[in-house]
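In: sequence unknown, structure follows:
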């Protein structure tokens with residue numbers, strides 16, 4: 001079953017080797033990557049939602065990626081290199097240096113969520129899913145640029161972040177909105 005309306009390959013019902021992977025794309029290359037991956041035979045999912053965009057002379061409704069800079073493709077692990085070699089693909093989401101498959105149920109949940117957004121016209125702003133123990137960087141507000149460790153998730157979309165100096169064994173905690181945080185990734189795509 002193809003989620004974008006195109007079927008790229010046939011999969012047997014019991015084939016558990018094919019898994020979804022999240023591919024990071026170059027900025028604003030999601031639709032091109034989607035098309036190129038399909039051309040290479042991958043089953044691809046790019047959740048798109050309508051958004052109003054202001055151009056210099058008019059407003060227009062355009063299809064915009066629900067998760068900017070991400071495209072999902074279903075493949076066997078051995079074919080990841082072929083997907084990574086696709087123009088516009090910057091990498092695959094990894095944890096501890098290994099590509100991490102996205103559970104089928106998560107993809108199905110995003111499909112249903114996207115359909116509801118299209119039907120209702122309500123487009124929520126993406127918010128980082130920060131977890132206790134993650135290294136983060138504050139990307140907006142008075143603490144912009146500060147890096148720290150999430151020590152507690154709080155209600156109302158906020159997290160308690162500890163900023164410290166290991167050399168002197170001192171730290172300070174500050175409560176920050178999740179939308180102002182970005183999880184820090186190493187250059188090789190691994191979470192630190």
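Out: The structure has been received and is ready for your questions. This is a predicted model, so every value here is computed, not measured.
In: Quick check: buried residues in the longest helix anywhere in the chain?
Out: Using DSSP state H, we find that the single longest helix of the chain is helix 104-120. Neighbour-count burial for helix 104-120, with 16 or more other C-beta atoms under 10 Å as criterion, is recorded at 107, 110, 114, 117. All C-beta atoms are positioned from the backbone trio N, CA, C, and that covers glycine.
In: what's the distance between the next helix or strand after that helix and the middle of its chain?
Out: Scanning forward in sequence from helix 104-120 by DSSP states H and E, the next helix or strand is strand 135-138. Taking C-alpha atoms, centre = their mean, to the nearest Å, one finds strand 135-138 lying 16 Å from the centre of the chain it belongs to.
In: So what are the sheet partners of strand 135-138 and their directions?
Out: Here strand 135-138 is paired, per DSSP bridges, with strand 147-154 (antiparallel), strand 181-183 (antiparallel).
In: just how off-centre is the helix or strand following the first one within its chain?
Out: Downstream of strand 147-154, the first helix or strand assigned by DSSP H and E is strand 158-165. Between the centre of strand 158-165 and the centre of its host chain there is 23 Å, according to C-alpha atoms, centre = their mean.
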